[in-house]
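Visitor: build the 3D model from these lines:
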Amino acid sequence: MTSVKIPTSFNIDLEFETANIGQRFLAWLIDVLIRGGFMLVMSVTLGDMHYSPTTMYVIYFFIYLLPFTFYFLALEILMNGQTPGKKVMKIRVRNMNGGKPSISQHLIRWLFRAIETPWIVFNAVIPIVSMVRSPYDQRLGDVVAGTIVVNTRSKTSISETIFRDMSEVDYTPQFPQILKLSDRDMNKIKELMDRAIKSKDEQLTARVSYRVRDVLSIQSDLDHLPFLETVLNDYNYYTTR
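Guide: Numbering: from 1, shown residues only. Next up is the predicted model:
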């Protein structure tokens, strides 16, 4: 496995382990078995039914061809960079900044999969050579798309930092004044907030909340903890765009 450090906007590097060839092959194999099982069930279910040739073509297109062809593309988009196989193997597709890949990046990976799927020996050589030569264990489609496949557990836990991936949510910030604070200020706020939550110290939460409101001249009806959560989210939103 190769470790990759992804810089954030908070002077903190999030360290991930890239998925190796074995993990990715097993994830692919699980997905192949799932697709094969689906095809088998549908064949048994529809096998004794008699339809006109036109109806059979429609059934083949929607029941067999579409799910088989778009399995990886659709599921990786809908499951945030995972398929059932990747989920079992605890790996996920990410962009080179550690965030959620764009639709175009998913599409590029999917298009290159056609020449990288190891149904025959020659096709299998392409992703193997690419992953061996890549410093981040990327197959050819990853290199072109600008994506990596990582273990879902980072060495540096995101929960221990102020980093939050706001690219995955439709978020509207509330307090633009938050940019007056520094990374150091925000890390201190996060540290005190975590300590207050862990010890269930509502007075500490209130003191931190009042201090932030006072420094930034913010008037808000939010309760103390939701207010601090919003402050962290706003800071992430503004500093990662």
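
Visitor: tell me the buried residues in stretch 172-182?
Guide: Buried residues in stretch 172-182, counted by 16 or more other Cβ atoms under 10 Å: 173, 174, 175, 178, 181. Yep, even glycine has a C-beta here, placed from its N, CA and C like the rest.

Visitor: give me the average confidence score over that stretch.
Guide: Stretch 172-182 shows a mean pLDDT of 88.

Visitor: now do stretch 92-108
Guide: pLDDT averaged over stretch 92-108 gives 88.

Visitor: what helices and strands are in contact with the helix ranked longest in the chain?
Guide: Secondary structure of the chain per DSSP state H: the longest helix is helix 21-47. The contact analysis (3 or more Cβ pairs under 8 Å, 6 or more residues apart in numbering; DSSP states H and E) places helix 21-47 against helix 66-78, helix 84-89, strand 91-95, helix 121-133.

Visitor: next SSE downstream of it?
Guide: Later in the chain than helix 21-47, the nearest helix or strand by DSSP states H and E is helix 53-59.

Visitor: from the buried residues of stretch 172-182, pick the one nearest residue 69.
Guide: Nearest to residue 69, judged by Cβ to Cβ, of these is residue 173 at 39.7 Å.

Visitor: which ones are touching that closest one?
Guide: Residues in contact with residue 173 (Cβ atoms under 8 Å, 6 or more residues apart in numbering) are 233, 234, 237, 238.

Visitor: so which elements touch the helix or strand in which the first one is found?
Guide: It refers to residue 233. Applying DSSP H and E as the criterion places residue 233 in helix 224-239. If you count contacts as 3+ Cβ pairs under 8 Å, 6+ apart, helix 224-239 packs onto helix 183-199, helix 202-216.

Visitor: how big is the angle separating it from helix 202-216?
Guide: With axes from the mean of the first three to the mean of the last three Cα atoms, to 10 degrees defining the directions, helix 224-239 sits at 40 degrees from helix 202-216.

Visitor: buried sites along helix 224-239?
Guide: For helix 224-239, the neighbour count (16+ other Cβ under 10 Å) marks 224-225, 227-228, 230-237, 239 as buried.

Visitor: residues near residue 74, how many?
Guide: The number of residues packed near residue 74 is 15, by other Cβ atoms under 10 Å.
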